[in-house]
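Novice: how does the following fold in three dimensions:
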Amino acid sequence: MDSLNIFSFFLVLLLYFATMIGVSIYFYRKNKNISDYILGSRRLGAWVTSLSAEASDMSGWLLMGLPGLAYVCGGCAIWTALGLTLGTYANWRWIAGRLRAYTEIAGNALTIPDFLQNRFHSNSNAIRIFSAIFIFFFFVIYVSSGLIAGGKLFSLILPVSYLQAVYVTAMVTATYTLIGGFSAVCWTDAIQGIMMFLAVIGVPIAAIYHCGGIGKTIHQLYASGREFINPLLAADGHTLSPIKIISMLAWGLGYFGQPHILARFMAVRSQNEIPLARRIAMHWVIWSLLAAVLVGILGHLCLPVELEGAAVENIFLLLVNSLFSPLFLSLILLGILAAIMSTASSQLLVAASSFSRDLYVTIFHKNAKSTELLWVSRGSVLMASVLAVIFARNPASLILNVVAYAWAGFGSCLGPALLFSLFWRRTTERGVLVGIIAGGITVFTWKKFMPVNLYEIIPGFLVSALAIAICSFADKQPNGAILRTFNAVHGKS
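Specialist: Residues are numbered from 1 along each chain as shown. So this is what the prediction gives:
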């Protein structure tokens, strides 16, 4: 970027940071207890719920990772977008309302580990501790992907090093998460969700205009090679294998176990808000994912150089820099930053909530008061941020690969556990505990040792589900109190 573009971006960036911090300070005054800080006392409306859920879901990989994938493999990236779309719909359609009802009835649970323990009226803390450990670990990895994206963004635009950019991203994100808590994160996410949507939609429209319109763009894409835009073919012309297609579609399985998205369902004001929230979310997701794939494909037409390695994830940034004037360039780049920070802040908050509510109380201080837990949560935000910075120190890391690993971890550990707990009355505590551990171990071992190029969420999810079913059948049937709570939820949902 030239000096004028840098100056414009810097001014817009300062205004953006000031707005985010201002929102956090406003909600800081409203956080009187741990429930306010973790779930905003369940007061979210449909618009904030939907926009914050999708902004926290998509993160920097929507504007950097997915366009990079489409740049490399072309039209076949649509399978990943399709899997994510189907997973988003299933999550909103079948999980949101039931989870909202169940978490309130089951002891007003504030976190997923809290819910799993209350779901089985458990006196043991095993299920709570193990699920919280997995949540904290995978969130540190997930947050690091956002810091990697922030590092690439700032180091490409401003005269700073990659590591300096990572530090700045971590510091700002941790600050407004630390101050404002859940309500601030959701409102800032809603603002950032709008910015992300405008950014991801605006770039392919500008690229098509640059190529001479829709007709000429389509003609140029066909002239560049049918293999590149055919969703059944890889970029090298070979037919995609069934394993590859299934692996790309399997991203949708991950939604059932993503705590930062599930927290929005738990915090919505009432179940009556969910149908409208679902419609808003689906429009946002469908158009955003389609536009992100188009960015990667159109990059071959609009840029004179071929990108390789980790540089492919800069395709969105490079397109923006070549297509827009300084002011619009700054606003679009701010949309990328919004994507990064919205997810990182949500994940930091849920990781901190899980640490304070599910580990600190259970292991260290059972009678901790609400104000003490509030400060423990804030301290946990700082701890998770520092660990994420350590993971993000390598600039050669691909954002999408880091996200894929954390996504598979959550989907395998918590996805089956949540589905069985919500829908199968015969599910037992031991079954869920074994399933959580089995899913996590499978993701670790498959990624490291298995030669089959199958996305690890598939074996992880299946092994976890089988473990829950087999162990629950082998265990004694849940007692009457557990079944009455289950029936009460199904009567309301």
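
Novice: OK, contacts around residue 469?
Specialist: By CB atoms under 8 Å, 6 or more residues apart in numbering, the contact list for residue 469 reads 420, 431. Any C-beta I mention is one placed from the backbone N, CA and C, and that applies to glycine too.

Novice: now it: how far from residue 428?
Specialist: Per CB to CB, to the nearest Å, residue 469 is found 10 Å from residue 428.

Novice: with residue 459 instead?
Specialist: Plainly put, residue 459 is 23 Å away from residue 428 if you go by CB to CB.

Novice: quick one: low-confidence parts of the stretch 201-350 of the chain?
Specialist: Scanning the stretch 201-350 of the chain for pLDDT under 70 picks out 225-227, 235-236, 327, 342.

Novice: repeat that for the stretch 51-200 of the chain.
Specialist: Residues of the stretch 51-200 of the chain that meet the criterion pLDDT under 70 lie in 176, 179-185.

Novice: how about the helices in it?
Specialist: Ranges of helices in the stretch 51-200 of the chain, per DSSP state H, counting those that start in this stretch, are 66-73, 78-90, 96-105, 112-119, 126-157, 162-210.

Novice: ok, now the stretch 251-400 of the chain?
Specialist: Using DSSP H, counting those that start in this stretch, the helices of the stretch 251-400 of the chain run over 259-267, 274-302, 315-323, 326-354, 370-391, 399-413.

Novice: the nearest residue to residue 340 once chain neighbours are set aside: neighbouring residues, count only.
Specialist: Spatial nearest neighbour of residue 340, excluding adjacent residues (CB to CB, 6 or more residues apart in numbering): residue 60 at 4.1 Å. Residues lying near residue 60 (other CB atoms under 10 Å) number 32.

Novice: could you do residue 462 as well?
Specialist: Residues lying near residue 462 (other CB under 10 Å) number 15.

Novice: please verify my assumption that residue 64 contacts residue 312.
Specialist: No. Residue 64 lies out of contact with residue 312 (CB atoms under 8 Å); the separation is 9.4 Å.

Novice: more neighbours, those two?
Specialist: The neighbour comparison of residue 64 against residue 312 (other CB under 10 Å) goes to residue 64, with 29 against 21.

Novice: residues in contact with the more buried one?
Specialist: Counting by CB under 8 Å, 6+ apart, residue 64 touches 149, 152-153, 313-314, 316-317, 336, 399.

Novice: most neighbours out of these, which is it?
Specialist: residue 149 (33 neighbours).

Novice: contact partners for it?
Specialist: 59-61, 64-65, 313, 336, 339-340, 399.

Novice: look up how far residue 307 lies from residue 213.
Specialist: Distance from residue 213 to residue 307, by CB to CB: 25 Å.

Novice: surely the residue nearest to residue 340 is in contact with residue 339?
Specialist: Yes. If you go by CB under 8 Å, residue 60 and residue 339 touch, sitting 5.2 Å apart.

Novice: roughly how far apart are the residue lying closest to residue 96 once chain neighbours are set aside and residue 419?
Specialist: Spatial nearest neighbour of residue 96, chain neighbours left out: residue 265 (4.2 Å); criterion: CB to CB, 6+ apart. The gap separating residue 265 from residue 419 is 14 Å, by CB to CB.

Novice: which one's more surrounded, the two?
Specialist: Each of residue 265 and residue 419 has its neighbours counted (other CB under 10 Å); residue 265 has more, 22 against 19.

Novice: tell me how far that one lies from residue 343.
Specialist: Taking CB to CB as the measure, residue 265 falls 17 Å from residue 343.

Novice: count the neighbours of residue 221 for me.
Specialist: For residue 221, the count of nearby residues is 19 (other CB under 10 Å).

Novice: check contacts around it.
Specialist: By CB under 8 Å, 6+ apart, residue 221 lies in contact with 228-229, 297, 301.

Novice: that one should be in a helix, yeah?
Specialist: Yes. Under DSSP: H, G, I helix; E, B strand; the rest coil, residue 221 falls within a helix.

Novice: if you average pLDDT over stretch 363-372, what comes out?
Specialist: Stretch 363-372 shows a mean pLDDT of 75.

Novice: can you give me the end-to-end span of it?
Specialist: One end of stretch 363-372 to the other measures 15 Å (CA to CA, to the nearest Å).

Novice: give me the distance from that stretch to the chain's centre.
Specialist: Remark: stretch 363-372 is offset 29 Å from the chain centroid, using CA atoms, centre = their mean, to the nearest Å.

Novice: ok, stretch 70-83 next?
Specialist: With CA atoms, centre = their mean as the basis, stretch 70-83 stands 18 Å off its chain's centre.

Novice: can you list the low-confidence ranges for the stretch 351-493 of the chain?
Specialist: Scanning the stretch 351-493 of the chain for pLDDT under 70 picks out 492-493.

Novice: what are the ranges of the strands in it?
Specialist: Remark: no strands are assigned in the stretch 351-493 of the chain by DSSP state E, counting those that start in this stretch.

Novice: residues making contact with stretch 482-492?
Specialist: For stretch 482-492, contacts defined as CB under 8 Å, 6+ apart pick out 98, 101-102, 105-106, 119-121, 271, 425, 478.

Novice: one step back: now do the shared contacts for residue 265 and residue 419.
Specialist: By the contact definition CB under 8 Å, 6+ apart, residue 265 and residue 419 are jointly contacted by residue 95.

Novice: quick revisit: which of residue 213 and residue 307 has more residues huddled nearby?
Specialist: Neighbours per residue (other CB under 10 Å) separate residue 213 from residue 307, with residue 307 holding more: 17 against 11.

Novice: surely the more buried one and residue 316 touch.
Specialist: No. Using CB under 8 Å, residue 307 is not in contact with residue 316, being 11.2 Å away.

Novice: quick one: contacts for residue 479?
Specialist: Residues near residue 479 by CB under 8 Å, 6+ apart: residue 121.

Novice: quick one: it from residue 421, how far?
Specialist: From residue 479 across to residue 421, the span is 15 Å (CB to CB).

Novice: could you list every residue that touches residue 373?
Specialist: Shown in contact with residue 373 (CB under 8 Å, 6+ apart): 34, 356-357, 360-361.

Novice: what's the farthest-apart pair in the residues you listed?
Specialist: Using CB to CB, these reach their maximum pairwise distance at 34 and 360, which is 10.8 Å.

Novice: the two: who's more crowded?
Specialist: residue 34 (24 against 20).

Novice: which residues does residue 244 contact?
Specialist: 76, 234, 453.

Novice: secondary structure element for it, which one?
Specialist: Using DSSP states H and E, residue 244 falls within helix 242-249.

Novice: now do the residue nearest to residue 187 when sequence neighbours are not counted: how many residues are near it, please.
Specialist: Residue nearest to residue 187 in three dimensions, not counting chain neighbours: residue 23, with 5.5 Å by CB to CB, 6+ apart. Residues lying near residue 23 (other CB under 10 Å) number 21.

Novice: what's the pLDDT at residue 23?
Specialist: For residue 23, the model assigns a pLDDT of 72.

Novice: hmm, residue 234 is touching residue 240, no?
Specialist: Yes. The pair residue 234 / residue 240 is scored as a contact, 5.7 Å apart, by CB under 8 Å.

Novice: related to what we said a few turns ago, what about the contacts of stretch 482-492, which one has the most neighbours?
Specialist: residue 119 (27 neighbours).
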